[in-house]
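> Sequence plus predicted model, see below.
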Amino acid sequence: MTVKADQDRWLQQLQEPVLDADRPICDPHHHLWDHANNPYLLPQLLEDIGDGHNVVSTVFMECGAMYRAEGPVPEASLGETEFVNGIAAMSASGGYGTARACAGVVGFADLTLGAAVGPILDAHMALSARFRGIRHAAGWDASEAVRNSHTNPSEHLLRDPVFRQGLSELQKRGLSFDAWLYHPQVPELIELAQDFPKLTIIADHFCGPLGIGPYAGQQESIYSQWQQDFKALARCPNVYAKLGGIAMPINGFGWHRRATPASSDELVAQTGSYYRWAIEHFGAQRCMFESNFPVDRQSCSYRVFWNACKKLAVGLSAAEQDALFHDTASRVYRLQDS
């Protein structure tokens, strides 16, 4: 029995009807990987996006998948872009349904190479016309209870001058930067956004409010500090906010340890304040709902997650809902999916 099969059985305990089933959705943040006993490739993605909601397109987010085994180490991540572009081509054939999986590709290139990252960015772009930008995860915390990002970043990566040279190469090419960090690091992201006003920055997962290790049991104080910092971040007009990715174990809600998965009502009740604050201060035109699957699949099903988003959007204007579910993501990642 695989981890995926066990997870499927766990998620199937909770069944909800699909809300607002015809609404077009662009899911701007998911991964693909072939982990032992827990694969998440095109068939598994199609199971999720085909579970009732009208997902018309998706954006792949780097996760260290299918790196090249041979050649220079800095170029290994080109293998991921090759791999995902192939998945996107399969989807674009129409043989797997009408949704366009991986219509946009966000890959990885080591920005700590500084100016030397330029040719690697060019190679990514040459490999895929769908290539849109880079995520170089910066999540770092002093506590051993909090796992640092898979890129093994230094403590103040976003302030590192060589890393910033790499960002300049990104900016020169009109590529975007997905920022993944933890909530204590938001002030550093604000500095970076102010210093690179022409760089499109997408803040992933509400900038990672932590709820484990030394942060466990401090939800109120952490939320209060996050509010202040996220409001300040919203004053940077080049920053966009991804709303999702807050059902991970590191966020401290503990749904992954329960006998039954989270319902959409529970997601709204326990995380809705983050969504509402982000929408209030960034505005819907700079916000996009994101699934962060399969990572958040540890807490809820794909259907339940999007039901929660639809409940959170009740009361917003038609234009605001269109932006949150599709239009902001499609515009920021320059997709052709409508």
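All right, it came through fine. Just so it is clear, the model here is predicted, and its values are computed rather than measured.
> Show me how far the lengthiest helix in the chain is from its chain's centre.
When the chain is parsed with DSSP state H, its longest helix is helix 264-282. Centroid displacement of helix 264-282 relative to its chain, using CA atoms, centre = their mean, to the nearest Å, is 16 Å.
> Strand partners (parallel or antiparallel) of the helix or strand that comes right after it?
Once the chain leaves helix 264-282, the next helix or strand it forms, by DSSP states H and E, is strand 287-289. Sheet pairing here is set by DSSP bridges, and for strand 287-289 it gives strand 239-243 (parallel).
> Let's test this: mean pLDDT of the partner strand, rounded?
For strand 239-243, mean pLDDT rounds to 98.
> about what we covered before: give me the contacts around the longest helix of the chain.
With CB atoms under 8 Å, 6 or more residues apart in numbering as the test, helix 264-282 has contacts from 16, 206, 209, 223, 226-227, 230-231, 234, 239-241, 243, 246-247, 253, 255, 287, 300, 304-305, 307-309, 311-312, 316, 320, 324. Every C-beta, even on glycine, is put in place using the N, C-alpha and C of the backbone.
> if we go to 6 Å?
206, 227, 231, 234, 241, 243, 246, 253, 287, 304, 307-308, 311-312 (CB atoms under 6 Å, 6 or more residues apart in numbering).
> Kindly report the same for stretch 111-127.
74, 78, 81-82, 107, 109, 131, 136, 162-163, 165-166, 169, 173.
> Can you flag the buried ones in those?
78, 81, 107, 109, 131, 136, 163, 165, 166, 169 (16 or more other CB atoms under 10 Å).
> Quick one: those as CSV, columns for pLDDT too.
What follows is those, written out as CSV (pLDDT from 0 to 100):
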residue, pLDDT
78, 98
81, 98
107, 98
109, 98
131, 98
136, 98
163, 98
165, 98
166, 98
169, 98
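> Show only the entries of the residues you listed found in helices.
78, 81, 163, 165, 166, 169.
> May I see those residues organised as TSV, with distance to residue 9 added?
Formatted as TSV, these follow (distance: CB to CB, whole Å):
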residue	distance to residue 9
78	37
81	34
163	43
165	49
166	44
169	46
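> For residue 49, state which of the residues you listed is nearest.
Among these, residue 81 lies closest to residue 49 (CB to CB), at 21.1 Å.
> Go through the buried ones among the contacts of stretch 111-127 and name the one nearest residue 96.
residue 81 (20.0 Å).
> From what I see, that closest one and residue 108 are in contact.
No. Judged on CB atoms under 6 Å, residue 81 makes no contact with residue 108 at a distance of 8.8 Å.
> that older thread, which two among the contacts of stretch 111-127 are spaced furthest apart?
Every pair of the contacts of stretch 111-127 checked by CB to CB; the farthest is 82 and 162, at 27.0 Å.
> Can I get stretch 136-143 in CSV, CA atoms only?
Extracted in CSV, the C-alpha atoms of stretch 136-143 (Å, rounded to 0.1, in the frame of the first residue of the first chain):
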residue,chain,number,x,y,z
HIS,A,136,14.6,30.4,-4.9
ALA,A,137,13.1,29.5,-1.5
ALA,A,138,14.5,31.5,1.4
GLY,A,139,12.7,30.0,4.4
TRP,A,140,15.2,30.0,7.3
ASP,A,141,14.7,29.7,11.1
ALA,A,142,17.1,29.3,14.0
SER,A,143,15.0,26.5,15.5
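> who's in contact with it?
111, 148-149, 151, 153, 155, 157-158, 180-182, 213-214.
> in terms of contact, does residue 67 touch residue 82 like I think?
No. Counting by CB under 6 Å, residue 82 is not a contact partner of residue 67; they are 10.1 Å apart.
> returning to what we had before: distance to residue 197 added to the buried ones among the contacts of stretch 111-127, as a markdown table?
Converted to a markdown table, the buried ones among the contacts of stretch 111-127 look like this (distance: CB to CB, whole Å):
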| residue | distance to residue 197 |
| --- | --- |
| 78 | 29 |
| 81 | 27 |
| 107 | 24 |
| 109 | 22 |
| 131 | 23 |
| 136 | 19 |
| 163 | 17 |
| 165 | 17 |
| 166 | 17 |
| 169 | 17 |
